[in-house]
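1. Sharing a model that was predicted from the sequence below.
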Amino acid sequence: MDFKKYVRDIPNFPEEGITFKDITPLLQDASALSGAGDALFKLIANMEIDKVVGMESRGFIFAPLLATRLNAGFVPVRKRGKLPHQIIGESYELEYGTDVLEIHVDSILKGERVLIHDDVLATGGTAKAVCKLIEKLGGEVVQCNFLMELDFLKGREKLSGYSVASLIKY
């Protein structure tokens, strides 16, 4: 399935000069949504995974679905101040600023094998920060998995040393 035809460009969002890749058309089409879920699962179907980590907010769409198919737990990683329990955090840079991601300290157990999922790999800052959080908790990052990858931003370079997979590349 050509998933690119379900992704639209939104110019100058969230700020001037940025072209946002909007996946809502893919999410609104039942066949594309199901097909993307199946294709993402194929990227990790033969891996032993204990937890699937999804990043706020669009990482929350496919990560729980992958977790259920893998018989694994789902762990949300959120922006600063949104998790209610004891947390650790990691700052990161995006293509248009900086932010902090947080995870509950009891969400990943030492030695657990973790799949990281997000909708897009851009500069790699978000995924790298999540890798650090998981490793601080004693988890092992098995793969960083993305619906799409913006090659021109070289995010994969920031994730050198980790397995990286994506369905769509721009």
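-> Everything's here; your move.

2. Would you mind listing the buried residues in stretch 52-61?
-> When neighbours are counted by 16 or more other C-beta atoms under 10 Å, the buried residues of stretch 52-61 are found to be 52, 53, 54, 55, 56, 58, 59, 60, 61. For every residue, glycine as well, the C-beta is placed using N, CA and C.

3. now, among these, which is nearest to residue 37?
-> For the buried residues of stretch 52-61, the minimum distance to residue 37 (C-beta to C-beta) is 9.3 Å, reached by residue 61.

4. Check the secondary structure at that closest one for me.
-> Secondary structure, DSSP: H, G, I helix; E, B strand; the rest coil: residue 61 is helix.

5. contacting residues around it?
-> For residue 61, the contact set (C-beta atoms under 8 Å, 6 or more residues apart in numbering) comprises 27, 54, 119.

6. And residue 58, by the same measure?
-> Residues touching residue 58, when contacts are defined by C-beta under 8 Å, 6+ apart, comprise 23, 118, 119, 120.

7. Turn the buried residues of stretch 52-61 into CSV, including distance to residue 84.
-> Supplementary listing: those in CSV, determined by distance: C-beta to C-beta, whole Å:
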residue, distance to residue 84
52, 21
53, 18
54, 17
55, 18
56, 14
58, 22
59, 19
60, 16
61, 22
